[in-house]
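Asker: quick one: sequence and predicted model below, then my questions.
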Amino acid sequence: MAKCAKCSKVITKKFAGLQCGRCNKWWHASCASLTTEQLGALTAVESADWKCKPCSNQTNQRRISAILPDEEDENTDSEIAGLANHGSMMQEIRRQIRETIQEEMKRSLQFFSDKFDEFQEAINSYEEKIKIIDRQYKDLNNKYTHIKNKSEFMEQKINAIDRLEMEAESVIKVYRKQNKSTDGQKRNAGTLVITLKEDQRDAWLEAAKTKVITERDIGREEHSDNCYYLFRGNK
């Protein structure tokens, strides 16, 4: 393949050139300071002769030889340049789209991350409140159970007192203990002592812990307001 005498690069249709009619050396049109139009005009004339600058003073003439660029090649060059520019533009568009998508994704991820933190804090707060309410419920339930048991116990006591009656068969003996007089003063009525059977005695003693025993409870209606004190005696 022919090479340019000036730049030593290959002469092709893409990089057109022509041959000196004197020294037979090939020159690129651009290296010979010729435009594409000038190169086309030289080759269009059959008797045209071209000499390179070193041979321009010599007179021997030869038919010029040249390698011209095809019009399709020129168009192809323009198309290649256009495609290259289009490719660069598409790459820039893709880059901008990627950056925009990445930025949007970052903002979305940050938004969801913040919302997740807020929800987690709210859940933790609700869980703590639920624990407090659960403890309060258990405490109230324990108090309710205690009060209920106590109420049932007291109700049983009251029912036992209400059912308690003095039966003649339960009395072993009754006597009045005389009080001693001093300085000639009139003696008051002595203390009435009633001895009961053991089961009745225990029931009355238990009842006396929660109720004041009066004469009415043992059948003495005429002195119903007087109180009696019960003691556990020896058998």
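Answerer: Received it, and whenever you're ready, just let me know what you need. These figures come from a predicted structure and were not determined experimentally. Numbers count the residues shown, from 1 in each chain.

Asker: what domains does the record give for this protein?
Answerer: 17-69, 168-179+190-228 (automatic domain parsing).

Asker: go through these and find the least confident stretch.
Answerer: Note on those: lowest mean pLDDT is at domain 168-179+190-228, with a mean of 62.

Asker: where's residue 193, which helix or strand?
Answerer: Following DSSP states H and E, the helix or strand that holds residue 193 is strand 191-196.

Asker: likewise for residue 43?
Answerer: Short version, using DSSP H and E: residue 43 is in helix 36-44.

Asker: for the protein, just list every one of the strands.
Answerer: Taking DSSP state E, the strands of the chain run over residues 17-19, 26-28, 65-67, 171-177, 191-196, 213-214, 227-228.

Asker: tell me what the first one is packed against?
Answerer: When contacts are defined as 3 or more Cβ pairs under 8 Å, 6 or more residues apart in numbering; DSSP states H and E, strand 17-19 sits against strand 26-28, helix 36-44, strand 65-67. No exception for glycine: its C-beta is placed from N, CA and C like everyone else's.

Asker: okay, these, which one's buried deepest?
Answerer: strand 26-28 (a mean of 24; mean count of other Cβ atoms under 10 Å).

Asker: which other helices and strands does it contact?
Answerer: strand 17-19.

Asker: wait, residue 19 sits on residue 26?
Answerer: Yes - assessed by Cβ atoms under 8 Å, residue 19 is found in contact with residue 26 at 5.1 Å.

Asker: shared neighbours, those two?
Answerer: residue 2 (Cβ atoms under 8 Å, 6 or more residues apart in numbering).

Asker: other SSEs contacting the single longest helix found in the chain?
Answerer: For the chain, the longest helix by residue count, based on DSSP state H, is helix 71-163. Packing partners of helix 71-163 (3+ Cβ pairs under 8 Å, 6+ apart): helix 198-208.

Asker: try 6 Å this time
Answerer: The helices and strands touching helix 71-163, judged by 3 or more Cβ pairs under 6 Å, 6 or more residues apart in numbering; DSSP states H and E, number zero.

Asker: residues near residue 12, how many?
Answerer: 14 (other Cβ atoms under 10 Å).

Asker: enumerate every residue touching residue 123.
Answerer: By Cβ atoms under 6 Å, 6 or more residues apart in numbering, the contact set of residue 123 is empty.

Asker: distance of it relative to residue 19?
Answerer: Applying Cβ to Cβ, to the nearest Å, the value for residue 123 to residue 19 is 89 Å.

Asker: appreciated, that's everything.
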